[in-house]
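Peer 1: just to be clear, the model below is a prediction. Sequence and coordinates:
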Amino acid sequence: MATTEAQLMLSVGLIEKDVNGDTLWVWCYPSISPELRQLLLSKCCLTQDGRDFHTFVFGQFSRTWYYITTAEVQEPTALKKVSHFSIAVTAKDFNPEKYAALSRILCRTYVKYGSPVKMMEAYVSVLTKGICQNDENGSFLIKDYDVRKAYLAGSVKDVVSQFGMETIILYTALMLKKRIVVHHPRIEVLLEFTRVLPALTWHRKDWSVLHPYVHLTDAELEDLRKCPGYVAGFVDAEVSNRSDLFDVFVHLPDGVITVSQGAKEAMTMGKLHKDIAHVIVQSAQDADRSDSQVIKDISIKTKEVLTNLFALAEACEDSKLTLEALKQHRFPPATENFLFHLAAAEQLLRV
């Protein structure tokens with residue numbers, strides 16, 4: 001298992017800020033493309049003049065996950081002319097806790113020896129054996145970090161406590177593979193909130209839709225547009241004016257969700273949505289239920305909807321649904337509309 005898990009890691013890089021205030025890309029292993037290197041520099045808080053210090057950020061670009069840990073150099077240390085440094089790990093998988101733990105060990109190793117060589121040895125040890133152990137700098141065991149733990153690390157209950165019945169808008173947008181944009185000026189809040197949302201559609205277990213830290217640059221927006229549906233986080237308030245980027249916009253500081261004009265028809269709410277919303281809210285408000293139990297409750301309700309949808313499709317030619325076939329069942333208009341768009345999202349529609 002360690003080998004397979006370790007093969008998900010792609011690279012490790014080092015960015016330094018010297019005592020003169022210059023920030024430079026110093027080293028990487030085995031290699032990082034110039035485009036990704038540029039992106040990592042832009043995401044690293046050391047290049048963001050005088051802005052807040054972020055010990056850990058993560059995101060996704062061009063189907064590669066990146067995890068950036070930043071540390072301040074405390075005297076005395078082997079790093080004589082360095083005031084801060086960042087370690088950037090890139091990987092194929094979403095697992096912030098795993099890479100934060102690994103990066104902490106790499107940071108301690110770098111501070112102690114002042115050379116990337118020892119850091120590379122620790123990285124290669126994880127790559128080949130799934131473990132790196134050091135009495136002083138701590139130990140890291142890759143198999144301690146199951147991907148399901150990463151999927152369940154956020155709090156669905158917190159999302160529901162903020163948005164209540166309106167959580168159904170987020171659920172519907174995710175079910176229909178719509179484009180959700182979330183804005184908050186603080187990156188930590190953004191990361192915590194956005195990482196939870198894919199759990200609302202647990203049956204897919206698809207965190208590739210998550211782009212939690214996006215800037216309004218041509219390269220990043222072009223990458224985002226390649227995805228049919230996504231959850232994208234922005235710290236830049238200007239994103240609220242970019243209606244070309246979203247079907248649903250979440251202004252997190254004010255707790256306001258807006259559905260764009262173009263998505264209103266597909267997102268029309270009816271009795272079915274109200275029923276699902278009640279399940280979500282009742283489960284989340286139950287103090288005895290954990291976040292994973294709430295996710296399970298939502299998942300059971302989703303399965304019920306999908307089972308009905310699959311049954312409707314099964315009755316059709318080639319097991320593909322048509323609008324005509326759907327109309328024969330005389331569902332309420334909002335339910336018919338939702339099932340039609342859901343069939344399209346689940347590739348059950350005859351085109």
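Peer 2: Received the coordinates, thanks.
Peer 1: going forward, measure contacts between C-alpha atoms and count neighbours the same way
Peer 2: Will do.
Peer 1: which residue ranges of the stretch 251-351 of the chain form strands?
Peer 2: Listed in chain order, the strands found in the stretch 251-351 of the chain under DSSP state E, counting those that start in this stretch are 256-259.
Peer 1: low-confidence ranges, the stretch 51-200 of the chain, go.
Peer 2: 51, 135-137 (pLDDT under 70).
Peer 1: for it, which segments count as strands?
Peer 2: 56-61, 64-72, 82-91, 131-134, 138-141, 179-183.
Peer 1: tally of neighbours for residue 231?
Peer 2: Residues within reach of residue 231, counting by other Cα atoms under 10 Å, total 27.
Peer 1: what helix or strand does it sit in?
Peer 2: strand 230-234 (DSSP states H and E).
Peer 1: quick one: that strand to strand 56-61, angle?
Peer 2: Orientation check (axes from the mean of the first three to the mean of the last three Cα atoms, to 10 degrees): strand 230-234 against strand 56-61 gives 130 degrees.
Peer 1: show me what strand 230-234 is packed up against.
Peer 2: strand 179-183, helix 187-194, strand 210-211 (3 or more Cα pairs under 8 Å, 6 or more residues apart in numbering; DSSP states H and E).
Peer 1: and it, how far out from the chain's middle?
Peer 2: For strand 230-234, the distance from its own C-alpha centre to the chain's C-alpha centre is 8 Å (Cα atoms, centre = their mean, to the nearest Å).
Peer 1: how about the secondary structure of residue 31?
Peer 2: The assignment at residue 31 comes out as coil when based on DSSP: H, G, I helix; E, B strand; the rest coil.
Peer 1: spit out the contact partners of the closest residue to it other than its chain neighbours.
Peer 2: Spatial nearest neighbour of residue 31, chain neighbours left out: residue 11 (6.5 Å); criterion: Cα to Cα, 6 or more residues apart in numbering. For residue 11, the contact set (Cα atoms under 8 Å, 6 or more residues apart in numbering) comprises 28, 29, 30, 31, 32, 89, 90, 91.
Peer 1: and the fourth one, what pLDDT?
Peer 2: I take that to be residue 31. Listed pLDDT for residue 31 reads 94.
Peer 1: again with the first one
Peer 2: Model confidence at residue 28, expressed as pLDDT, equals 96.
Peer 1: partner residues bridging the residue nearest the centre of the chain?
Peer 2: Taking Cα atoms, centre = their mean, the centroid of the chain lies closest to residue 210, which sits 3.5 Å from it. Beta-bridge pairing for residue 210 (DSSP bridges): residue 231.
Peer 1: help me confirm that it comes into contact with residue 230.
Peer 2: Yes. Between residue 210 and residue 230 there is a contact under Cα atoms under 8 Å: 6.0 Å.
Peer 1: now rank the contacts of residue 11 by neighbours and give me the top one.
Peer 2: residue 89 (25 neighbours).
Peer 1: for the protein, what spans make up the helices?
Peer 2: Secondary structure of the chain by DSSP state H: the helices cover 2-6, 34-43, 96-113, 116-129, 147-151, 156-163, 167-175, 187-194, 218-225, 271-285, 291-314, 323-327, 333-345.
Peer 1: list the buried ones in the fourth one?
Peer 2: Translated: helix 116-129. Using 16 or more other Cα atoms under 10 Å as the test for burial, helix 116-129 gives 116, 119, 120, 122, 123, 124, 126, 127.
Peer 1: before we move on, what about the longest one?
Peer 2: Judged by neighbour count (16+ other Cα under 10 Å), helix 291-314 contains these buried residues: 291-292, 294-299, 302, 306, 309-310, 312-313.
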